[in-house]
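**Student:** Just to be clear, the model below is a prediction. Sequence and coordinates:
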Amino acid sequence: MNVRLRQDAIVRSLRRNGTSTVADLAREVGASRRTVLRDIGALRDEGFVIHSEPGRGGGLQLDPRSVQTTARLSVAEVFALLIAVASTRAAGNLPFSSLADAGLAKIEKALPSDKIRDLRRFLDCLYVGQLSPRVDISDMGAMDPALLPAFETAFLQRLHLRFRYRDAKGTVTSRHVEPQAMLILPPLWYLVAWDPAREDFRNFRMDRIGTPEYVEGARFRRRHVPFEDDVRPVRDLSR
């Protein structure tokens, strides 16, 4: 169990049971007493009010009114918020953009330095433009929620992806690609990837991509993607 899941489990246990000992929590989350004590300290730093009652019958107790005061968001979660704002702005219908930007800035400040670094690298792969009115969107479907977390890992670690893709005619094929960018042309989203078999870039509509899998082996290199002139990096939208 990773740190975040373990600490969430501790909070849930304290809310459910009212009072727990360190030993009981350690058994429940499968960690040592020292690790649980370290987690309790971290949770207190985040704003949770956890009381310690020594002696027989004592233990740890979470104040029922206690809430965390710092954001515990993953890179993919913050990225999802950023691209939601960016795509809405690109579509020209974000009347409260300044408030959205201020809120996102506060969330970013709450992130640790390693997550901020990953977030910036992830943002470098995101581009926004306008969809041509000639594009048929009558068959647009829902995107698999597993795509964004999978893309985060693939982009940050430069991992090859394999997935099943359904084209405009309904033909399903297996694709093996090097993910290079994500392109938002509201309301459509695309994965822009280098296809080694065809030795060229390909755009894959995300609503037609099946759950991707990582391909073991060598990492790929970042390539310059030749976007159209009206496509801009998300980083430029605030300028």
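**Tutor:** Looks like it arrived, so ask away.
**Student:** now residue 226: how far from residue 24?
**Tutor:** In this view, residue 226 and residue 24 are 59 Å apart by C-beta to C-beta, to the nearest Å. All C-beta spots, glycine's among them, are computed from the backbone N, C-alpha and C.
**Student:** more neighbours, these two?
**Tutor:** The neighbour count for residue 226 versus residue 24, taken as other C-beta atoms under 10 Å, is higher for residue 24 (15 against 7).
**Student:** Who are the contact partners of the more buried one?
**Tutor:** By C-beta atoms under 8 Å, 6 or more residues apart in numbering, the residues touching residue 24 are residue 59.
**Student:** That one in helix, strand or coil?
**Tutor:** helix (DSSP: H, G, I helix; E, B strand; the rest coil).
**Student:** what do you get for residue 52?
**Tutor:** Look at residue 52: counting by three-state DSSP, its state is strand.
**Student:** hang on, it packs against residue 44?
**Tutor:** No. With contacts counted by C-beta atoms under 8 Å, residue 52 stays clear of residue 44, the gap being 10.1 Å.
**Student:** quick one: the helices in the protein?
**Tutor:** Remark: helices assigned in the chain by DSSP state H are 3-17, 22-29, 33-45, 75-90, 97-109, 113-123, 147-157.
**Student:** could you say what helices and strands the fifth one packs with?
**Tutor:** Which is helix 97-109. Contacts defined by 3 or more C-beta pairs under 8 Å, 6 or more residues apart in numbering; DSSP states H and E place helix 97-109 against helix 75-90.
**Student:** Go again with 10 Å.
**Tutor:** Applying 3 or more C-beta pairs under 10 Å, 6 or more residues apart in numbering; DSSP states H and E, one finds that helix 97-109 makes contact with helix 75-90, helix 113-123.
**Student:** quick check: domain ranges of the protein?
**Tutor:** 3-62, 75-238 (automatic domain parsing).
**Student:** For residue 188, list the residues it contacts.
**Tutor:** 131, 135, 137, 140, 143, 203, 205-207 (C-beta atoms under 10 Å, 6 or more residues apart in numbering).
**Student:** One more pass at 8 Å, please.
**Tutor:** 131, 135, 137, 140, 205-207.
**Student:** cool, residue 75 as well?
**Tutor:** Counted by C-beta under 8 Å, 6+ apart, residue 75 has contacts 115, 118-119, 122, 152, 156.
**Student:** Now for the closest residue to residue 217 other than its chain neighbours, how many residues are close by?
**Tutor:** Excluding the flanking residues, the one nearest residue 217 by C-beta to C-beta, 6 or more residues apart in numbering is residue 160, at 6.6 Å. Using other C-beta under 10 Å, residue 160 has 21 other residues around it.
**Student:** In PyMOL, how would I select the buried members of the contacts of residue 75?
**Tutor:** Entered in PyMOL, the line below selects the buried ones among the contacts of residue 75, by 16 or more other C-beta atoms under 10 Å:
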select buried, resi 118+119+122+152
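**Student:** Quick check: buried residues in stretch 212-229?
**Tutor:** Residues of stretch 212-229 classed as buried: 212, 220, 225 (neighbour count, 16+ other C-beta under 10 Å).
**Student:** Need phi/psi at the last one.
**Tutor:** Taking degrees, to the nearest 10, you get phi -90, psi 120 for the backbone angles of residue 225.
**Student:** Sounds good, over and out.
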